[in-house]
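Enquirer: Quick one, what's the 3D model for this:
(one chain, ligands or ions: 1)
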Amino acid sequence: MSETAVADLDPEAAKAEIARLTAEIRRHDEAYFQKDAPEISDAAYDALKHRLAALEAAFPEFIAPDSPSLKVGAAPSEGFGKVRHRVRMLSLGNAFTDEDVADFVERIRRFLSMKDGALAFTAEPKIDGLSLSLRYEGGRLVEAATRGDGEEGENVTANVRTIKEIPDRLPKGVPEVFEVRGEVYMRHADFAALNAAQADAGDKIFANPRNAAAGSLRQLDPAVTARRPLRFFAYAWGEVSALPADTQSGVIHALGDWGFPINDRMARCDSLEALLAHYRALEADRANLGYDIDGVVYKVDRLDLQERLGFVSRAPRWAIAHKFPAERATTVLEGIDIQVGRTGALSPVARLRPVTVGGVVVSNATLHNEDYIAGRGANGEPIREGRDLRIGDTVTVYRAGDVIPKVVDVDLMRRPADAVPYEFPTLCPACGSHAVREAGEAVRRCTGGLTCPAQAVERLKHFVSRGALDIEGLGARQIEAFWDKAWMKEPADIFTLEQRFGPQGTELQRLSKLEGYGEKSATNLFAAIRERRAVPLDRFIFALGIRHVGETTARLFARHYLSWDAFATAMAEAATDEQARAAILAIDGVGDVLADAVIAFFDDEHNRAALDRLLAHVTPRDAERPKTEGSPVAGKTLVFTGTLERMSRAEAKARAEALGAKVAGSVSAKTDLVIAGPGAGSKLKTATQLGIEVISEDDWLTLIGAGEGA
Ligand code: IVH
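Expert: Purely as a prediction, here's the structure:
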């Protein structure tokens, strides 16, 4: 978000930004509250709300009558009866820094004119679930409602009655009317088990425990809710005919006595320092709680003071949520697994106690290589100043956006006394061959080559992957299953599957049921495999998994040699013939390392034998000679954006390249032509700003002479 300071905005700009934010926040509210499918992180959402609040404070004349700042959530969704809350369900203001908390305490003291003197607070985990109001009359649960927009929620009584932790009846002598409020949530272990069961049944997987809890509570069939492991913590109340105590902590303890689960990490603090200390303690223990929390809630303890303080808009003046920084979490490094890749590289992966980072449960993270574990960066420069990672350590995990989670730091104060430095294996964990690290290389590699089962499985997975043979119904999971059954050891085995299992493939059929890969019958799989008996040369070269040969390099070779025979012969000759080697090096884009890798691949007799077996079933299709002569786009730089409707993006790119064009991923002054389909966004905008020619997909097809029937 590019942000101009609020004070620097002119009214026109402020008005526009308020309108834009109002719409955007409303959309996110709907995604979060009604669809249980948030599109942005809580931190990003908080940032939007913050900005809107700041703008509205400076330009109150532009506040929309239905501004999201004036609401707690979104209106209830259809499907459940509505419940009007007799006492509004409030939201909480947020504090992000220690200073914010100091301001909060200061504000309260000022409001109460309590310069000094005792002022106690409760500090308790902010549970990351969804809030619920439970109404008891005469000691019986009569109604349960979600927060909804704070005024009106959904009637989820039938579902709530299935939650074991929520009492249906209270002990004798409790006030006639009592509304208990708290949070419904799911524990990490229960969440993991639920997702595993959902996956087995081919059902929806939940992104995080909060979504799982929300989705489980808002089931139209209470029987489904009953099977879900929902939990509850009581932390507040709504309408009551009497109160059992005159402090926040006193009432909550009474609720505990009445049979409600209350959080055992609630503390009573009588200074700012004590609040912050409890915050740090909870932050440090976050990974060990077994459920997600996203901050600490501070509440003035004395109820008479709460009463005096009252509310500002929809949040109490007497409470605040001190949020944890997002996208970073601490957890315990429970183990280090070594994965063996297709090229034999040993990659260490952190096995972590599950923790939610940026809205996603993380249980693995990359550790890169042995130097990284030892605390040394590339070229030996320290990344964690010699602070190595040991099993049992409390580590910080970082995850931003879709990026693979990383272990970024370690807390030496919390290192177990018996933790020992990690010894990186020097033998391949899959085949026992020596794993060696060559000078100047960061990775250690298994020397088992074709005898290493881990490499073989990874090579098979690569062979069928998207940019390679791309066989529908044959993915990583199936390859693993087939490998375990010894049905597949090398690529050629894929093509003899049908021969070996017959047209019905009964055993395969059974396996596919077992593995839960849905409807994909053996018949369909055989058909998909047959379809790939002829493959474009570049895909075939890429599929071989030769080191340093990615999709681009494979395409380069295909375009240069045009046929498999020409390519294979050239590579085989180069093993003994310097001139042949020089010819390979003369190709634009081929250097020593790449040439050596390909030549070595063809020089290996096991590889040649495996290739012979494979080529008995598969025919690589000759590549087309680039028709650059007379090509309207030869030498031009093109950008495709938006949705293409007549062919895939990959095919469009391949065609353009075959015509001698360069296809770029982003628009710049160097772009000659932009082909824009529906939904084109920022690239189209940039092109227009730069005055670059923009054409439609149809125009494009006409231009390259592929107009109708392409
Ligand atoms: S107190 C009047 N305490 O946070 C105060 N809320 O951001 C009402 N929440 O709607 C809330 N843990 O869903 C309170 N220990 C806790 C909480 C908590 C989680 C949620 C609750 C509330 C939201 C506000």
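
Enquirer: quick one: Ala19 and Ala64 touch, right?
Expert: Yes. Ala19 lies in contact with Ala64 (C-beta atoms under 8 Å); the separation is 7.4 Å. Yep, even glycine has a C-beta here, placed from its N, CA and C like the rest.

Enquirer: So which of those two has more stuff around it?
Expert: A direct count of neighbours by other C-beta atoms under 10 Å for Ala19 and Ala64 places Ala64 higher, at 16 against 12.

Enquirer: phi, psi of the more buried one?
Expert: The phi and psi values for Ala64, taken as degrees, to the nearest 10, are phi -70, psi 140.

Enquirer: Please spell out which residues along stretch 481-500 are buried.
Expert: With burial defined by 16 or more other C-beta atoms under 10 Å, the residues of stretch 481-500 counted as buried are 481-483, 487-488, 490-495, 497-498.

Enquirer: right, I mislabeled it, should have said stretch 671-685
Expert: Thr671, Leu673, Val674, Ile675, Ala676, Gly677, Ala680, Lys683, Leu684.

Enquirer: Including distance to Thr523, could the residues you listed go into TSV?
Expert: Formatted as TSV, the buried residues of stretch 671-685 follow (distance: C-beta to C-beta, whole Å):
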residue	distance to Thr523
Thr671	47
Leu673	45
Val674	44
Ile675	39
Ala676	41
Gly677	35
Ala680	40
Lys683	43
Leu684	44
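
Enquirer: Where helices are concerned, which of those residues count?
Expert: If you go by DSSP state H, those have Lys683, Leu684 in helices.

Enquirer: Relative to Pro125, how far out is whichever residue of the chain sits closest to the ligand?
Expert: Closest residue of the chain to the ligand, C-beta to the nearest ligand atom: Ser131 (3.2 Å). As defined by C-beta to C-beta, to the nearest Å, Ser131 lies at a distance of 14 Å from Pro125.

Enquirer: ok, back up a step: farthest-separated two in the buried residues of stretch 671-685?
Expert: Farthest pair in these (C-beta to C-beta) is Thr671 and Gly677. Separation: 16.2 Å.

Enquirer: For the protein, which residues are neighbours of the ligand?
Expert: Counting by C-beta under 6 Å from any ligand atom, the chain comes close to the ligand at 90-92, 124, 126-127, 131, 147, 183, 235-236, 297, 316, 319, 321.

Enquirer: Swap in 8 Å and give it another go.
Expert: Counting by C-beta under 8 Å from any ligand atom, the residues of the chain close to the ligand are 72, 89-92, 94, 124-131, 147, 181-183, 233, 235-236, 263, 266, 293, 297, 299, 315-316, 319, 321.

Enquirer: For the host helix or strand of Tyr235, buried residues please.
Expert: According to DSSP states H and E, Tyr235 maps onto strand 231-240. Buried residues in strand 231-240, counting neighbours by 16+ other C-beta under 10 Å, are found at Arg231, Phe232, Phe233, Ala234, Tyr235, Ala236, Trp237, Gly238, Val240.

Enquirer: repeat for stretch 405-419
Expert: Within stretch 405-419, the residues that count as buried by 16+ other C-beta under 10 Å are Pro405, Lys406, Val407, Asp409, Val410, Ala419.

Enquirer: neighbouring contacts of that stretch?
Expert: Residues from elsewhere that reach stretch 405-419 (C-beta atoms under 8 Å, 6 or more residues apart in numbering): 284, 328, 330, 333, 350, 352, 357, 362, 364-367, 384, 387-399.

Enquirer: and if you look at stretch 653-661?
Expert: With contact meaning C-beta under 8 Å, 6+ apart, stretch 653-661 is reached by 555, 624, 626-628, 631-638, 640, 647, 663, 704, 706.

Enquirer: what about 6 Å?
Expert: Glu624, Pro626, Thr628, Ser631, Val633, Ala634, Lys636, Leu638, Val663 (C-beta atoms under 6 Å, 6 or more residues apart in numbering).

Enquirer: And these, which is the shakiest by pLDDT?
Expert: When the contacts of stretch 653-661 are sorted by pLDDT, the bottom entry is Pro626 at 67.

Enquirer: all helices of the stretch 51-200 of the chain, in order?
Expert: For the stretch 51-200 of the chain, the helices defined by DSSP state H, counting those that start in this stretch cover 98-112, 157-160, 188-200.

Enquirer: Adding distance to Leu537, write these out as TSV.
Expert: As requested, the helices of the stretch 51-200 of the chain are exported to TSV (distance: least, C-beta to C-beta, whole Å):
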stretch	distance to Leu537
helix 98-112	62
helix 157-160	58
helix 188-200	38
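
Enquirer: Identify, out of those, the most deeply packed stretch.
Expert: helix 157-160 (a mean of 21; mean count of other C-beta atoms under 10 Å).

Enquirer: for it, packing partners?
Expert: Contact here means 3 or more C-beta pairs under 6 Å, 6 or more residues apart in numbering; DSSP states H and E; on that basis helix 157-160 packs against strand 140-146, helix 222-227.

Enquirer: quick one: the strands in the stretch 151-300 of the chain?
Expert: 152-154, 177-185, 231-240, 267-269, 293-300 (DSSP state E, counting those that start in this stretch).

Enquirer: Report the contact partners of Cys431.
Expert: Shown in contact with Cys431 (C-beta under 6 Å, 6+ apart): Gly448, Cys452.

Enquirer: correction: Ser133
Expert: Ala145, Glu179, Arg181, Gly238.

Enquirer: ok, 10 Å please
Expert: Residues near Ser133 by C-beta atoms under 10 Å, 6 or more residues apart in numbering: 83, 85-87, 89, 143-148, 153, 156, 160, 179-182, 236-239.

Enquirer: So Gly256 sits against Gly182, correct?
Expert: No. Using C-beta atoms under 10 Å, Gly256 makes no contact with Gly182, being 11.4 Å away.

Enquirer: what about these two, which has more around it?
Expert: Gly182 (25 against 15).

Enquirer: So that one is in contact with Ile166, correct?
Expert: Yes. Look at Gly182 against Ile166 with C-beta under 10 Å: they come within range, at 9.0 Å.

Enquirer: which residues do the two both contact?
Expert: Leu132, Leu134, Phe232, Ala234, Phe260, Pro261.

Enquirer: Show me the helices in the stretch 251-400 of the chain, by range?
Expert: In the stretch 251-400 of the chain, the helices defined using DSSP H, counting those that start in this stretch lie at 272-285, 303-309, 370-374.

Enquirer: Reformat those as a markdown table; add mean pLDDT and mean neighbour count.
Expert: Shown next, in a markdown table, are the helices of the stretch 251-400 of the chain (pLDDT from 0 to 100; neighbours: other C-beta atoms under 10 Å):
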| stretch | mean pLDDT | mean neighbour count |
| --- | --- | --- |
| helix 272-285 | 95 | 17 |
| helix 303-309 | 94 | 15 |
| helix 370-374 | 90 | 20 |
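
Enquirer: Dump those helices into CSV; add distance to Ser512 as well.
Expert: Output for those, formatted as CSV (distance: least, C-beta to C-beta, whole Å):
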stretch, distance to Ser512
helix 272-285, 44
helix 303-309, 61
helix 370-374, 39
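
Enquirer: quick one, which of these is nearest to Ala439?
Expert: For the helices of the stretch 251-400 of the chain, proximity to Ala439 was assessed by C-beta to C-beta; helix 370-374 is nearest, at 13.6 Å.

Enquirer: Can you select the buried ones among the contacts of stretch 405-419 for me in PyMOL?
Expert: Here is the PyMOL command that selects the buried residues among the contacts of stretch 405-419 (16+ other C-beta under 10 Å):
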select buried, resi 330+333+350+352+357+362+365+366+367+384+387+388+389+390+391+392+393+394+395+396+397+398+399
